[in-house]
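K.L.:
could you look at this predicted model? Sequence included:
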Amino acid sequence: MSEIQIHTIPILPFGMVNAFLLTSATGAVLVDTGLPGSERKIEKVLAAAGRSLADLRLIVVTHGHIDHAGCAARLRKITGAPVVLHEADLAYCQGKTPILRPSGFFGRLFKMTGVIERPFPAVEPDILLSGEQTLDLSAYGLAGDILPTPGHTPGSLSVLLEDGAVIAGDLAASGILLGGIAFKGWPKPPPFEEDTLQVARSLKILLSKGAKRFYLGHGGPLDAEVIERYAGKLAQTA
Ligand SMILES: [Zn+2]
Ligand SMILES: [Zn+2]
């Protein structure tokens, strides 16, 4: 299968919030949709890659937080592309307030703003993964798989490509505050994390399956060696 290009979509500038467009000669897949109203930003990156919204063949929602799932309902409607998400995050995608366990000072501060608990248009999935079920992306023109990688939320998904690139949602972050901005080479937890030990386990599973470079929702990307040290530290402190 042909080579895959990873295009970062800046939902917010400086790497604070990223979504990703994956393209190959035969496919275009969107990983995460950003905050509500992000469709223009996504369309711009598609255009730069020589594609349009109508070319999207699949929309992957890595988890049910507003900065990843917020624009999914709208994009499904305007593109007709199927949406895939994991059953364990379905309630978050349909109006249930997420469990927000702050991972540090910024998370506690950020929680007080209420931004991440804001409701967003309910997402109707076309493909609902359950348990440890994976999805082969070759049917969508990409050599890779969607894997359940719980921890940040119970239904968090990652997209692992055959060449070792992985779009890992909020399994890790880097930078300062929300993520990005500065010190992007330094891994850290995102502002919220439901189960730290489970995050460490999921990161190790991705590494064992050949993940080499981690593309993240906030900050990143980070190399496998950095993630390996980080996952080891998480497992010790959790
Ligand atoms: Zn999140
Ligand atoms: Zn996020």
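P.N.:
Here it is on my side, so go on. Ligands and ions are numbered 1, 2, ... in the order given.
K.L.:
ok, the lowest-mean-pLDDT helix or strand in the chain near ligand 1 or not?
P.N.:
Lowest on mean pLDDT, DSSP states H and E among the helices and strands of the chain sits helix 105-113, with a mean of 76. No: under the criterion of C-beta under 5 Å from the ion, helix 105-113 makes no contact with ligand 1; the nearest approach is 10.7 Å. Backbone N, C-alpha and C define where each C-beta goes, glycine included.
K.L.:
mind listing what's buried in the next helix or strand after that helix?
P.N.:
Sequence order places strand 127-129 as the next helix or strand after helix 105-113, per DSSP states H and E. Using 16 or more other C-beta atoms under 10 Å as the test for burial, strand 127-129 gives Leu129.
K.L.:
quick revisit: just the CA coordinates of the least confident helix or strand of the chain, formatted as PDB?
P.N.:
Taking Å, rounded to 0.1, in the frame of the first residue of the first chain, the C-alpha atoms of helix 105-113 are listed here in PDB:
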ATOM      1  CA  PHE A 105      -2.100  22.300  38.800                       C
ATOM      2  CA  PHE A 106      -3.000  23.400  35.300                       C
ATOM      3  CA  GLY A 107      -5.700  20.700  35.100                       C
ATOM      4  CA  ARG A 108      -7.300  21.900  38.400                       C
ATOM      5  CA  LEU A 109      -7.200  25.500  37.100                       C
ATOM      6  CA  PHE A 110      -8.500  24.500  33.700                       C
ATOM      7  CA  LYS A 111     -11.300  22.500  35.200                       C
ATOM      8  CA  MET A 112     -12.600  25.600  36.900                       C
ATOM      9  CA  THR A 113     -13.100  27.300  33.500                       C
END
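K.L.:
so where do the helices sit in this structure?
P.N.:
39-48, 66-69, 72-79, 90-93, 105-113, 196-208, 224-237 (DSSP state H).
K.L.:
which of those sits closest to Gly27?
P.N.:
helix 39-48 (12.7 Å; C-beta to C-beta).
K.L.:
ok, back up a step: which one of the helices of the chain has the poorest average confidence?
P.N.:
Comparing mean pLDDT across the helices of the chain, the weakest is helix 105-113, with a mean of 76.
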